[in-house]
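1. have a look; sequence and predicted model below, questions after that.
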Amino acid sequence: MSVRTLVKSIQNIMRQDTGVDGDAQRISQLCWMFFLKIIDDQDQELELMQAGYASPIPERFRWRAWAADPEGITGEALLAFVDDALFPALKTLPASSRPGDRRRVVRDVFEDAFNYMKSGQLMRQVVNRINEVDFNNLTERQHFGDIYEQILNDLQSAGNAGEYYTPRAVTAFMVDRIDPRPGETLFDPACGTGGFLTCALRHMRKRYVKRPKDERNMQAALRAVEKKQLPHMLCVTNMLLHGIDDPGFVRHDNTLARPYIGWGKKDRVDVVLTNPPFGGKEENGIESNFPQHFRTRETADLFLALIIRLLKPRGRAAVVLPDGSLFGEGVKTRLKEHLLEECNLHTIVRLPNSVFRPYASIGTNLLFFEKGEPTRDIWFYEHLVPEGQKAYSMTRPIRLEHLQGCIDWWGGANRVGRKETERAWKVTAEEVKARGYNLDVRNPHTRDDDHGDPEGFLEKLMAAEAETARLREQLKAALSEALMR
């Protein structure tokens, strides 16, 4: 049985369980079970390779102890073990704050996790299917990693859970343009399910990781935070699948809850890649962590202010922001002024409304900037839906090859030789300042549709209305005549 078929069969089993309601719960249930299997497979390999290594999970609760035997506990006994023993133990697992303590990873994953299944028999069927995957087999793990990406993609149809997923074509494009290197501190302050992290790992392993030291330097320099439990659990599992030895760098926390001035020099990073949540409001009091002139409850604005502060000199960032951040006033204006003064905002890629469908249908933009020098010129590139396609959708999503035109235009690492085209144009920082820091600059090469002469159009409209009135009177007369007969 292929891994894809196996995962589908597991989902079908879960659909029979009355306790699992909808895709989000099904994915959450799948995730904590996969997590325990993956970490146990890793533990068994580490026990062979490292003298004195001990699993972070107490022996009784390791996957091999209660789940590996296909004839093991089932029914009410299995449900009682999971609900009354396994979850309470892992939620309260004692852990230190020292780096590499995998007990903290396990505890954070289970802190707000739940077992939704109500049938112990169905749970045993799911467990036995999961046992068919050997996560120490590199080929199987890579194949499962691809399937896991599809599971995350399914979040887009799971109601509000879609907010945690950025289309992989977008993350891959942003990572490719930023070009992170092993040893550079890379931070995603709102990491969701880990899309930017996994794309960065693939990018660096393909281009720069040549020795074990490169791999260690890469892993040691990753930083991430996720506020909500489901995407945090999905992200940690994603990191394990992508060969991260210690996914403890993915913190379950709210990045914005830490005071702005509390982020010091030691917290500075080389690279920020992120899609901060937008359209939502932070809880009361969070804005008081920020200077008065940046205070707002709009999440995207607070993240932008923090990202500017967190970048080292010559640090670089790629950030997804909605159209409202470009033309908004008040705090948004002050933020854009700050951005242009502190950073070189060299490129804005404008995306069509349909890129993030179905959970959002608003215009989004990819902002690329570097810390340390003020902005002089800003290049805009307008990405259009491919010819012959009205919009992106679940069945026809954006793909990396759709962005190849922008990659070809980019001008390499130093952005050399850029030219204005039907899709690309440039404005100066002075022009933006004169516009009141409105960055919502329309494509000057786009012609408005020709609607003809307005006066002629009005005359035609009046004539059509007169003809309608004449026909109405004729109909009334005909009806009256028919009634009189």
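-> Yep, it's here. Numbering: from 1, shown residues only.

2. and L86, how many neighbours does it have?
-> Each residue near L86 was counted by other C-beta atoms under 10 Å, and the total is 22. In this view, the C-beta of every residue, glycine as well, is placed from N, C-alpha and C.

3. correct me, but it touches R62?
-> No: counting by C-beta atoms under 8 Å, L86 stays clear of R62, with 10.3 Å between them.

4. for L30, see how far away F114 is.
-> Distance of F114 to L30, computed by C-beta to C-beta, to the nearest Å: 13 Å.

5. neighbour count winner among these two?
-> Relative neighbour count places L30 above the other of F114 and L30, with 21 against 14, counting by other C-beta under 10 Å.

6. quickly note the distance from that one to D267.
-> To D267, L30 is 34 Å away according to C-beta to C-beta.

7. and for F34, the neighbour number?
-> For F34, the count of nearby residues is 23 (other C-beta under 10 Å).

8. contacting residues around the closest residue to it other than its chain neighbours?
-> Across the structure, with C-beta to C-beta, 6 or more residues apart in numbering as the measure, the residue nearest F34 apart from its sequence neighbours is T237 (5.9 Å). T237 makes contact with C31, F34, F35, I38, V109, Y148 under the criterion C-beta atoms under 8 Å, 6 or more residues apart in numbering.

9. which strand or helix spans T237?
-> helix 229-241 (DSSP states H and E).

10. equivalent analysis for H203, please.
-> Under the assignment given by DSSP H and E, the secondary-structure element containing H203 is helix 195-207.

11. now that helix - C-alpha only, CSV.
-> Below are the C-alpha coordinates for helix 195-207, written out as CSV (Å, rounded to 0.1, in the frame of the first residue of the first chain):
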residue,chain,number,x,y,z
GLY,A,195,6.0,26.4,5.4
PHE,A,196,8.8,29.0,5.3
LEU,A,197,11.0,26.8,7.5
THR,A,198,10.6,23.7,5.3
CYS,A,199,11.2,25.7,2.1
ALA,A,200,14.3,27.3,3.7
LEU,A,201,15.6,23.8,4.7
ARG,A,202,15.2,22.5,1.2
HIS,A,203,16.8,25.5,-0.3
MET,A,204,19.9,25.4,1.9
ARG,A,205,20.3,21.7,1.7
LYS,A,206,20.1,21.8,-2.1
ARG,A,207,22.6,24.7,-2.5
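
12. residues making contact with it?
-> Residues from elsewhere that reach helix 195-207 (C-beta under 8 Å, 6+ apart): 149, 152, 165-166, 168, 171-172, 174-176, 179-182, 186, 188, 191, 215, 218, 222, 224, 235, 238-239, 242-244, 250, 273-275.

13. drop anything exposed from these.
-> The neighbour-count test (16 or more other C-beta atoms under 10 Å) marks 149, 152, 165-166, 168, 171-172, 174-176, 180-182, 186, 188, 191, 215, 218, 222, 224, 235, 238-239, 242, 244, 250, 273-275 as buried among the contacts of helix 195-207.

14. mind checking which of the residues you listed are in strands?
-> Among those, the members found in strands (DSSP state E) are L186, D188, L222, A224, V250, L273, T274.

15. any chance of those residues in CSV, plus distance to P313?
-> Rendered in CSV, the data for these read as follows (distance: C-beta to C-beta, whole Å):
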residue, distance to P313
L186, 17
D188, 20
L222, 21
A224, 23
V250, 27
L273, 18
T274, 20
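
16. show me where the stretch 251-400 of the chain has its helices.
-> Secondary structure of the stretch 251-400 of the chain, counting by DSSP state H, counting those that start in this stretch: helices at 299-310, 323-327, 331-342.

17. so which of the ones you listed is the most packed in?
-> Ranked by mean neighbour count, the helices of the stretch 251-400 of the chain are led by helix 299-310 with a mean of 22 (mean count of other C-beta atoms under 10 Å).

18. how is the chain partitioned into domains?
-> 3-136, 155-434 (automatic domain parsing).

19. that older thread, out of the helices of the stretch 251-400 of the chain, nearest to E382?
-> Nearest to E382 among the helices of the stretch 251-400 of the chain is helix 323-327; the distance by C-beta to C-beta comes to 12.6 Å.

20. ok so, going back, next, format the helices of the stretch 251-400 of the chain as TSV and append mean pLDDT and distance to S2.
-> Output for the helices of the stretch 251-400 of the chain, formatted as TSV (pLDDT from 0 to 100; distance: least, C-beta to C-beta, whole Å):
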stretch	mean pLDDT	distance to S2
helix 299-310	95	40
helix 323-327	90	42
helix 331-342	96	48
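
21. now those helices as CSV including distance to Q25?
-> As requested, the helices of the stretch 251-400 of the chain are arranged in CSV below (distance: least, C-beta to C-beta, whole Å):
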stretch, distance to Q25
helix 299-310, 25
helix 323-327, 32
helix 331-342, 37
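
22. what's the closest of these to S354?
-> With respect to S354, and counting by C-beta to C-beta, the nearest of the helices of the stretch 251-400 of the chain is helix 323-327 at 13.5 Å.

23. got the contact list for the closest one?
-> Outside helix 323-327, the residues that reach it (C-beta under 8 Å, 6+ apart) are 278, 300-301, 304, 332, 335, 348, 362-365, 438-440.

24. which residue ranges of the stretch 101-250 of the chain form helices?
-> Along the stretch 101-250 of the chain, the stretches classed as helices by DSSP H, counting those that start in this stretch are 102-110, 120-130, 138-153, 168-178, 195-207, 212-220, 229-241.

25. and those, which is most packed in?
-> For the helices of the stretch 101-250 of the chain, ranked by mean neighbour count under the definition mean count of other C-beta under 10 Å, the leader is helix 229-241 at a mean of 25.
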